[in-house]
Structures are given as C-alpha cells and as structure tokens.
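In: coords please:
(one chain, ligands or ions: 1)
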Amino acid sequence: MLRIGLTGGIGSGKSTVSAIFEQLGAPVIDTDGIAREVVAPGEPALAEICRSLGSGLLCPDGSLDRAALRSRVFQDTSRRRRLEAITHPAIDARMRQRLAELPEETPYVLLVIPLLLEAGWQDRVDRILLVDCPETLQVQRVVARDGIDPQEAWRMVRSQASRDARRQAADDVIENDGSLGPRELIARVRGLDRRYRDAAG
Ligand code: ADP
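Out: Down below sits the predicted model:
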C-alpha cells in the first residue's frame, strides 16, 4: 500500500483537497483529527500533559483547555518540545493502528499530516503531496475561515516550515493559489489519484 503524505501550511487547502480524494474513494487518515482524539478526557496523553506542563490546563468539563495550552507553550521552545514528546508518539501509534486496519488490497492511502516536515515524519510516507499557495492567501483564508485577526494568522504561518522547505521536500505539488477553478482542482486531484493507483498497481 502506497502511503501518500498530504501536507501544507495552515489555510493552504489540505482539507479541501483531502475531501476530494475521499470523494474519489481514497482512504484518508487525518492526523489533525487524531491529534484531538489523543488528548480527549481519559486518554493517557492528556494526563501526561497535565503532569508535565502544570495545572490549569483543563476546562471545567475535564477537556483540554486549548487556549491555555497554546499560551503556555507559546514562545517557550522547551515546553513545546515536551508537549510534542507526549503527543507525537501517541498520534504516531494511532496512525499506525489505522493503517493496519485498512484492507490489504488498498492501493494507496492519504495521510494528512500538516506538520510532516516540522515533526520529521518524512519516513512515515512513500510520497509527499504538497498543497501550496502564497502566504498572503493562507492568511486571508484563515482569517475568513476562523475569524481570527490577521496578526495572529501571520504568527501561525510564520511558526510553520517555510514554503521553500516544503516545496523542496515535495514529490507532487497542488498549486492552490486560486489559479485553478473548482473543476480544475478536482481534475488535478483525479489525475493524482489515477497516478497513485497506477504506481501501487
Ligand atoms: P487547511 O486544511 O490547509 O488549513 P482548508 O482546506 O481548510 O485549509 O482551506 C482554508 C480555507 O480556504 C477554507 O475555508 C477553504 O474553503 C478555502 N479554500 C481552500 N482552497 C480554496 C480554493 N481553491 N478556492 C476557494 N477557497 C478555497
């Protein structure tokens, strides 16, 4: 089974592209969703985060207070590393479990890994598919989608790997800079889907 790692900066269009793959029948494993699952109440990673990063990180209902966590690790590299040392192995384990559950005859699987480069997970995949667009467009989309202010969006964009680094690591690139209309984007994904099925076959 060919493992395609779909990556790209925040707001680049990963969810949009992975939804098209899913419509074409490709199995999609989304590590963003898994990242939320592994810190749900009752999960060992949540208890470990509280132990390692201090109290005051839970909402009254026992769920992780994401805003509190963000501000605690913000601009504190050592805390962020500690957080990642807890969450990344938990995400990795669950991703492998999902992979193992797929039918053996599955030609390829799309692993959506936003922080593929940042986490150094290149070896988890056989090919890297990048969804790319200019940073100004990322910011515009994130502001429109999440209702955050542009400064905050710029901060998030700048905290991630650079476009250059991503483009260098990528085997395939979807230019999602607005030059492709909705139909053309679907056609582009269809072409890749065909290519991945052929490569697997
Ligand atoms: P990501 O998952 O990479 O953060 P999304 O797929 O959620 O990005 O896209 C960010 C926002 O931009 C969403 O609101 C999405 O609908 C919009 N968007 C993404 N690609 C396009 C496109 N080609 N044309 C118009 N809007 C787009």
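
In: and residue 130, helix, strand or coil?
Out: Under the three-state scheme (DSSP: H, G, I helix; E, B strand; the rest coil), residue 130 adopts strand.

In: contacts only, for it.
Out: Contact partners of residue 130, counting by C-beta atoms under 8 Å, 6 or more residues apart in numbering, are 7, 8, 166, 167, 169, 170, 172, 173, 174. All C-beta spots, glycine's among them, are computed from the backbone N, C-alpha and C.

In: who's it bridged to?
Out: In this structure, residue 130 bridges to residue 7, residue 173 when assessed by DSSP bridges.

In: the helix or strand of the chain with the lowest mean pLDDT packs against which elements?
Out: Lowest on mean pLDDT, DSSP states H and E among the helices and strands of the chain sits helix 66-73, with a mean of 92. When contacts are defined as 3 or more C-beta pairs under 8 Å, 6 or more residues apart in numbering; DSSP states H and E, helix 66-73 packs onto helix 44-53, helix 77-101.

In: possible to save those as a markdown table with distance to residue 201 and mean neighbour count?
Out: Shown next, in a markdown table, are the helices and strands packed on helix 66-73 (distance: least, C-beta to C-beta, whole Å; neighbours: other C-beta atoms under 10 Å):
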| stretch | distance to residue 201 | mean neighbour count |
| --- | --- | --- |
| helix 44-53 | 38 | 16 |
| helix 77-101 | 19 | 15 |
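
In: would you check that residue 2 makes contact with residue 111?
Out: No - under the criterion of C-beta atoms under 8 Å, residue 2 is not in contact with residue 111, lying 10.5 Å apart.

In: mind checking which of these two has more residues around it?
Out: When neighbours are counted by other C-beta atoms under 10 Å, residue 2 and residue 111 differ, and residue 111 comes out ahead with 26 against 16.

In: I figured the more buried one hits residue 27, correct?
Out: No - here residue 111 does not reach residue 27: they are 9.6 Å apart, not a contact under C-beta under 8 Å.

In: quick revisit: would you reformat the helices and strands packed on helix 66-73 as a markdown table and include mean pLDDT and distance to residue 190?
Out: Converted to a markdown table, the helices and strands packed on helix 66-73 look like this (pLDDT from 0 to 100; distance: least, C-beta to C-beta, whole Å):
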| stretch | mean pLDDT | distance to residue 190 |
| --- | --- | --- |
| helix 44-53 | 96 | 37 |
| helix 77-101 | 96 | 24 |
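
In: those: which one's closest to residue 157?
Out: helix 77-101 (16.9 Å; C-beta to C-beta).

In: what does the closest one contact?
Out: When contacts are taken as C-beta under 8 Å, 6+ apart, the neighbours of helix 77-101 outside the stretch itself are 1, 3, 29, 31, 34-35, 37-39, 43-45, 48-49, 52-53, 69, 72-73, 109, 111, 119, 121, 124.
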